[in-house]
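Peer 1: Below are the sequence and a predicted model for it; my questions follow.
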Amino acid sequence: ALGNRTRMFSASSPTGPAFEGAQVRHGMRAAPGAIERVRIDPATLDVQYRVIGRDEWVASEKGKRERGKNGRSASDQTLSPSEARELRQRLRAEELATVKPAGICGSGIIEAIAELVLSGLVDASGRFVDSAPTERLKFEGAKGYFVLAWPHETSTGREIVVHADDIRAIQLAKAALYAGAKLLMRHAAAADLQTVDRIVLAGAFGSYIDPLHAMVLGMIPDCDLDHVTAVGNAAGDGALIMLLNQDKRREAETLARQVLHVQTATDPYFQDEFVAAIHIPHMNDPFPSLEPIMRQAAAVRIIDPPQRNSASQARAARRERRNNKEAMKERA
């Protein structure tokens, strides 16, 4: 919904289930064991994550655990057999007492992709850079994936990764969301609503989205980050207020009649807005609120943006147009 004191507009965007962890390779619902927060240091590419059911942040190890002789880890080699056995038993007991990651939920995948962008590992088209000084970035043919947690760090014994297909699924979902917002702004132009002064994220999911990461991906229009707030289950609270207060019920009925609903499915501008919004954060729209943050990240990161000549730029543009056409077919 978009509005001011005089007009109100609403729309529904077909985002699909990606924001809820579906269509994601290691996606899961927001339950104990789900990675819900991610940080990637742009200077070192070290990873930290936070798991539902566990209070502290977890620093993922820099690489796969190396095994020494007799199956002991390299750190065990200076210990006597009894000391090493005691140490392993104690570490095992500590592991059992903590929640280990099993997958990644919606807020986690959003933060992970945004952090990959801030670190320079993912470009504006949503592709992984093909050269990065980290063993976490791997490729299966033309598609890459980034390891958030190594097998020995998870409860499943498998890597938890962000795959290129996961990034694409989130791009399509966020493009639909942003396109819906832009359509509202188009219809509201006559009511002096071309820019957004404040954004309110409602719903349980909105409460867990970090405003910075949402804006880095281009899920929401540019706005002062201090003016982006979460209000929780606003629909439920509103329903409760209506049930307990007749005056508020009549006020809600009046507001509902005044809201202009915009049909995104039939709007002639939706396709153009959707395609432009697939870029991260956007193909055309400026995000001045993000510029200081992006400059700060670029100043310390160890990955330089790829330099392309005119021929490679043309190939990239053709490839992007082809992918966007395929994306529109997927949405249809």
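Peer 2: Sure, I can see it.
Peer 1: Name the residues of stretch 200-215 that are buried.
Peer 2: Leu201, Ala202, Phe205, Gly206, Tyr208, Ile209, Asp210, Pro211, Leu212, His213, Ala214, Met215 (16 or more other CB atoms under 10 Å). Using the backbone N, CA and C atoms, a C-beta is placed for each residue, glycine as well.
Peer 1: what about Ala181, how many residues close to it?
Peer 2: Applying other CB atoms under 10 Å, we find 20 other residues in the vicinity of Ala181.
Peer 1: which outside residues touch the strand or helix carrying Glu36?
Peer 2: Here Glu36 sits within strand 34-40, counting by DSSP states H and E. With contact meaning CB atoms under 8 Å, 6 or more residues apart in numbering, strand 34-40 is reached by 21, 28, 30, 46-52, 57, 101-105, 107-108, 111-112, 115-116, 118-119, 121, 148-149, 160, 208, 210.
Peer 1: quick one: average confidence on it?
Peer 2: Confidence over strand 34-40 (mean pLDDT, whole number) is 97.
Peer 1: repeat for stretch 202-214
Peer 2: For stretch 202-214, the mean per-residue pLDDT is 88.
Peer 1: worst-scoring helix or strand of this protein, pLDDT-wise?
Peer 2: Each helix and strand of the chain was given a mean pLDDT (mean pLDDT, DSSP states H and E); the minimum falls on helix 310-331 at a mean of 55.
Peer 1: Regarding His282, what is its secondary structure?
Peer 2: coil (DSSP: H, G, I helix; E, B strand; the rest coil).
Peer 1: can you pull the contacts of it?
Peer 2: His282 touches Tyr178, Gly218, Ala276, counting by CB under 8 Å, 6+ apart.
Peer 1: and if you look at Val47?
Peer 2: Val47 makes contacts with Val38, Arg39, Ile40, Asp41, Ala59, Ser60, Arg136, Leu148, Ala149, as judged by CB under 8 Å, 6+ apart.
Peer 1: One more pass at 7 Å, please.
Peer 2: Ile40, Ser60, Leu148 (CB atoms under 7 Å, 6 or more residues apart in numbering).
Peer 1: What are the phi and psi values at it?
Peer 2: Val47 has phi and psi values of phi -110, psi 140 when expressed as degrees, to the nearest 10.
Peer 1: Report pLDDT for it.
Peer 2: 97.
Peer 1: Bridged to it, which residues?
Peer 2: Ile40 (DSSP bridges).
Peer 1: distance of it from Asp197?
Peer 2: 35 Å (CB to CB, to the nearest Å).
Peer 1: Give me the buried subset of the contacts of strand 34-40.
Peer 2: If we count by 16+ other CB under 10 Å, those have these buried: 21, 28, 30, 47-52, 101-105, 107-108, 111-112, 115-116, 118-119, 121, 148-149, 160, 208, 210.
Peer 1: Show me those that map onto strands.
Peer 2: Taking DSSP state E, the ones among those that sit in strands are Val47, Gln48, Tyr49, Arg50, Val51, Gly103, Ile104, Leu148, Ala149, Ile160.
Peer 1: Going by distance to Leu2, which of those wins?
Peer 2: Lowest distance from Leu2 to those (CB to CB) belongs to Ile104, with 30.8 Å.
Peer 1: With distance to Met242 added, can I get the ones in strands among the buried ones among the contacts of strand 34-40 in CSV?
Peer 2: Putting those into CSV (distance: CB to CB, whole Å) gives the following:
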residue, distance to Met242
Val47, 45
Gln48, 43
Tyr49, 40
Arg50, 36
Val51, 38
Gly103, 38
Ile104, 37
Leu148, 43
Ala149, 45
Ile160, 43
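Peer 1: can you tell me which of these lies nearest to Asp237?
Peer 2: Nearest to Asp237 out of these is Arg50 (CB to CB; 27.0 Å).
Peer 1: excluding its backbone neighbours, what's nearest the closest one?
Peer 2: Arg37 (3.7 Å; CB to CB, 6 or more residues apart in numbering).
Peer 1: can you list the weak-confidence ranges in the stretch 101-250 of the chain?
Peer 2: Applying pLDDT under 70 to the stretch 101-250 of the chain flags residues 190-194.
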